[in-house]
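# Below are the sequence and a predicted model; questions follow.
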Amino acid sequence: MEGVIQSRGLLSLPSNPQARAFHPLRSLGARLYRRSSRPTSALPPSISVRAQNPVEIRHGFGSKTLNSWNLSESLLFSDSVRRARDGVRMSDVTPGAAVPADGAGFTSPSLEKTKPKFLGVETTTLKKIVPLGLMFFCILFNYTILRDTKDVLVVTAKGSSAEIIPFLKTWVNLPMAVGFMLLYTKLSNVLSKEALFYTVLLPFIAFFGAFGFIFYPLNNVIHPTALADKLLAALGPSFLGPVAILRIWSFCLFYVMAELWGSVVISVLFWGFANQITTVEEAKEFYPLFGLGANIALIFSGRTVKYFSNLRKTLGPGVDGWAISLKGMMSIVVLLGFVICGIYWGVNRFIVNDPSVPRTERKKKEKPKLGMGESLKVLISSRYVRDLATLVVAYGISINLVEVTWKSKLKAQFPSPNEYSSFMGDFSTATGIATFTMMLLGRVILRKFGWGVAAMITPTVLLLTGVGFFSLILFGEPLVPLLAQVGMTPLLAAVYVGALQNIFSKSAKYSLFDPCKEMAYIPLDEEMKVKGKAAIDVVCNPLGKSGGALIQQFMILTFGSLANSTPYLGGILLVIVLAWLGAARSLDSQFSPLAKQEVEKERVKEKAKEPVIEVSAKEVSSLVEKEDNGSLAEPKSSNGSALQQKTASEPETPSQLPQ
């Protein structure tokens with residue numbers, strides 16, 4: 001597209017013009033006359049460019065509609081030339097600036113003010129991001145304490161073991177999560193956003209405080225131990241897990257509330273509030289930092305759990321050290337819960353209603369509601385979606401199979417609640433460090449080795465550590481002399497290998513598996529992208545989360561205990577991880593060509609971008625001088641060549657022009 005400067009002469013003005021508002025085309029001046037380090041001394045009276053749609057130019061002396069492919073004339077008039085001579089650049093003029101009513105001329109141009117910044121970030125943005133970061137840190141700090149404590153309570157309790165976890169997740173946690181979300185939906189229809197936030201959060205704070213100071217000290221009174229013993233004697237040892245849910249019901253309630261803290265307070269309350277007050281640009285810049293901050297919270301909260309768990313060493317004999325530790329940790333949870341409420345109140349009171357703070361209202365996209373039958377049809381019809389679904393299901397099942405077996409061995413090695421909790425504190429700290437490191441390395445791995453290698457790292461880690469873990473459990477006896485030389489037993493070695501398996505699998509999930517999974521949707525066409533994601537949400541996510549628990553329940557009820565089921569669980573894990581690797585390899589063979597096609601399409605779009613004229617200050621000044629002398633004529637070929645060269649150097653699509 002050629003930019004041609006047309007000779008029209010100065011626009012004639014009325015002899016006694018009235019002062020009227022000046023409305024230049026919004027942002028077009030900034031688009032055509034880009035800021036330069038050289039001062040702009042003048043602006044041309046008329047320019048011809050191309051635009052996709054008709055544009056109406058309004059100013060104080062009338063208006064004119066410019067048809068497609070001919071955006072010309074009247075962008076600037078003689079008063080703008082006078083302002084340009086006075087040193088006011090068009091790119092510095094805010095659209096809609098008004099001429100004073102006294103007719104004294106354009107004496108108050110609105111120059112764009114530089115917004116104050118701190119560490120390179122606008123202070124108006126920091127007003128939102130810093131409180132959100134503190135709130136997120138407190139929420140994740142509490143979640144780590146609660147997550148470590150819930151396992152200690154249900155696994156180490158008298159009359160219970162790790163076998164309770166699969167039954168607890170399926171028959172207690174899932175129904176309560178569904179019921180809570182139904183209640184939340186009802187409350188959201190009758191309460192304001194602020195009232196809903198407090199209504200949901202305060203019961204969590206009250207429960208955890210009451211558990212530490214009331215429920216746990218009275219657990220011998222409120223737990224139906226005698227009834228549970230009778231049921232277990234009647235049903236047999238295979239039903240140890242289901243009966244234990246009744247035996248330690250208050251501990252199980254703590255387990256469920258801790259799980260809900262992660263799904264409700266983090267996913268629903270925090271992210272819903274963050275999305276409400278931040279702009280899209282702020283989210284792109286700062287949301288990844290929240291992920292890094294979450295792992296920092298994991299490190300510090302792990303140290304906190306470790307500290308309170310070791311308090312038992314400083315207490316005298318006969319004192320319930322775990323009760324003391326629990327009171328300390330629940331006090332921190334309650335305190336930080338009130339800090340979260342205070343931050344939320346302060347943000348709503350002083351920031352949300354501040355007109356200087358930018359924010360956007362984003363409408364939530366409605367996801368297609370596919371039934372189970374439609375979801376299965378989508379999965380069957382597309383090999384690509386089937387492979388992607390295999391990744392999601394395999395991860396969920398694999399993590400559950402190893403985690404429960406590992407926790408059973410962890411109890412055997414550390415039967416005391418304080419010892420168990422102390423180890424979990426170290427485990428959380430190590431998980432935070434590993435995940436933080438892997439998140440930094442994840443981008444490098446994806447960029448250097450590609451999608452296929454990155455997608456297969458997680459199953460490879462699970463395969464290697466899983467084989468080592470189950471091998472130490474099943475074939476550890478011959479290794480006793482060798483392990484004794486380094487001061488370990490097969491059980492302790494299995495605990496450490498299982499811990500490494502959990503640490504590296506979780507860090508690989510957050511840094512590689514999740515990004516690879518989301519990237520795999522990109523090359524799909526819009527219909528399959530939407531339907532495929534909906535099908536995976538309907539079928540595969542629940543199957544992955546509950547599949548491992550259902551397999552373990554079947555094995556425990558069939559073979560009598562988790563220990564008797566270990567060889568079969570190891571074989572199932574091996575089959576699932578191999579299927580996972582095969583699906584990742586198959587998906588890579590489909591994803592890579594599609595991704596290359598997407599890159600080519602982007603390159604074609606870049607080449608097809610339409611240019612926009614950019615005129616240098618020197619050329620503009622020369623044109624204005626010619627106009628003042630009345631000698632402005634058609635530009636010579638040299639000027640046209642210069643303009644064409646600048647046009648070719650920085651192309652832009654016409655669609656990027658302000659509409």
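On my side now, so go ahead.
# got any ranges where the stretch 251-400 of the chain has weak pLDDT?
Low-confidence segments of the stretch 251-400 of the chain, defined by pLDDT under 70: 284, 354-372.
# Extract the residue ranges of the stretch 401-550 of the chain that are flagged as low pLDDT.
For the stretch 401-550 of the chain, the stretches with pLDDT under 70 are 537-538.
# gap between Val530 and Leu562?
Between Val530 and Leu562 the computed distance is 41 Å (Cβ to Cβ, to the nearest Å). C-beta here means a position set from N, CA and C on the backbone, and glycine is covered the same way.
# neighbour count winner among the two?
Taking neighbours as other Cβ atoms under 10 Å, Val530 and Leu562 compare with Leu562 leading, 23 against 16.
# now the more buried one, nearest residue through space, not along the chain?
Glu163 (4.9 Å; Cβ to Cβ, 6 or more residues apart in numbering).
# neighbours around the one you found, how many?
Per other Cβ under 10 Å, the neighbour tally for Glu163 reads 26.
# do you know how far it is from Ile399?
For Glu163 relative to Ile399 (Cβ to Cβ), the value is 17 Å.
# what's near enough to touch Gly133?
Applying Cβ atoms under 8 Å, 6 or more residues apart in numbering, we find Gly133 in contact with Phe286, Leu289, Phe290, Gly293.
# I believe the last one is in a strand; please confirm or correct that.
Spelled out, that is Gly293. No: Gly293 is assigned helix when assessed by DSSP: H, G, I helix; E, B strand; the rest coil, not a strand.
# Report all helices and strands that the top helix by length along the chain contacts.
If you go by DSSP state H, the chain has its longest helix at helix 417-474. Judged by 3 or more Cβ pairs under 8 Å, 6 or more residues apart in numbering; DSSP states H and E, helix 417-474 is in contact with helix 123-156, helix 280-309, helix 321-346, helix 383-413, helix 490-508, helix 514-519, helix 562-607.
# wait, what's in contact with Phe136?
Contacts of Phe136 (Cβ under 8 Å, 6+ apart): Phe270, Ala274, Phe290, Gly293, Ala294, Ala297.
# And it, how close does it get to Ser375?
33 Å.
# for Ser188, same thing?
For Ser188 relative to Ser375 (Cβ to Cβ), the value is 26 Å.
# contacting residues for Ile536?
The contact partners of Ile536, by Cβ under 8 Å, 6+ apart, come to Val385, Leu388, Ala389, Val392.
# Report how many residues lie close to Phe137.
Using other Cβ under 10 Å: Phe137 sits among 20 other residues.
# whoops, I mixed them up, Ile214
The burial count for Ile214: 12, using other Cβ under 10 Å.
# Please give me every residue in contact with it.
For Ile214, the contact set (Cβ under 8 Å, 6+ apart) is empty.
# Checking it next. Helix, strand or coil?
Under three-state DSSP, Ile214 comes out as helix.
# Can you show me the helices along the stretch 151-300 of the chain?
For the stretch 151-300 of the chain, the helices defined by DSSP state H, counting those that start in this stretch occupy 164-168, 174-190, 193-210, 219-222, 225-235, 240-247, 249-260, 271-277, 280-309.
# can those go into CSV with extra columns for mean neighbour count and distance to Thr429?
CSV is the format used below for the helices of the stretch 151-300 of the chain (neighbours: other Cβ atoms under 10 Å; distance: least, Cβ to Cβ, whole Å):
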stretch, mean neighbour count, distance to Thr429
helix 164-168, 24, 23
helix 174-190, 12, 28
helix 193-210, 16, 22
helix 219-222, 11, 29
helix 225-235, 13, 35
helix 240-247, 21, 29
helix 249-260, 21, 19
helix 271-277, 16, 25
helix 280-309, 18, 3
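# May I see the ones you listed organised as a markdown table, with distance to Ser511 added?
Shown next, in a markdown table, are those (distance: least, Cβ to Cβ, whole Å):
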| stretch | distance to Ser511 |
| --- | --- |
| helix 164-168 | 26 |
| helix 174-190 | 27 |
| helix 193-210 | 29 |
| helix 219-222 | 40 |
| helix 225-235 | 43 |
| helix 240-247 | 33 |
| helix 249-260 | 23 |
| helix 271-277 | 20 |
| helix 280-309 | 9 |
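# And these: which comes nearest Leu573?
Judged by Cβ to Cβ, the one of those that comes nearest to Leu573 is helix 164-168, at 14.7 Å.
# Pull the CA coordinates from the closest one and hand them back as CSV.
Extracted C-alpha coordinates of helix 164-168, given in CSV (Å, rounded to 0.1, in the frame of the first residue of the first chain):
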residue,chain,number,x,y,z
ILE,A,164,-8.8,-45.4,54.9
ILE,A,165,-7.8,-42.9,52.2
PRO,A,166,-9.3,-44.5,49.1
PHE,A,167,-12.7,-45.0,50.9
LEU,A,168,-12.5,-41.5,52.4
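# Check which helices and strands that helix sits against.
Applying 3+ Cβ pairs under 8 Å, 6+ apart, one finds that helix 164-168 contacts helix 123-156, helix 240-247, helix 249-260, helix 383-413, helix 541-559.
# Now do that helix, average pLDDT.
Across helix 164-168, the average pLDDT comes to 92.
# Likewise for stretch 234-241?
Here stretch 234-241 scores 90 as its mean pLDDT.
# That one: end-to-end distance?
Criterion Cα to Cα, to the nearest Å; first-to-last residue distance in stretch 234-241 is 14 Å.
# now what about stretch 235-249, what contacts it?
The contact list for stretch 235-249 (Cβ under 8 Å, 6+ apart) reads 153-154, 157, 159-161, 163-168, 171-172, 219, 222-225, 227-228, 231-232, 252, 553, 556-557, 560-561.
# now the end-to-end length of it.
This stretch, stretch 235-249, spans 19 Å end to end (Cα to Cα).
# ok so, going back, save the contacts of Gly133 as TSV, and put in distance to Ile245 too.
Shown next, in TSV, are these (distance: Cβ to Cβ, whole Å):
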residue	distance to Ile245
Phe286	42
Leu289	40
Phe290	35
Gly293	36
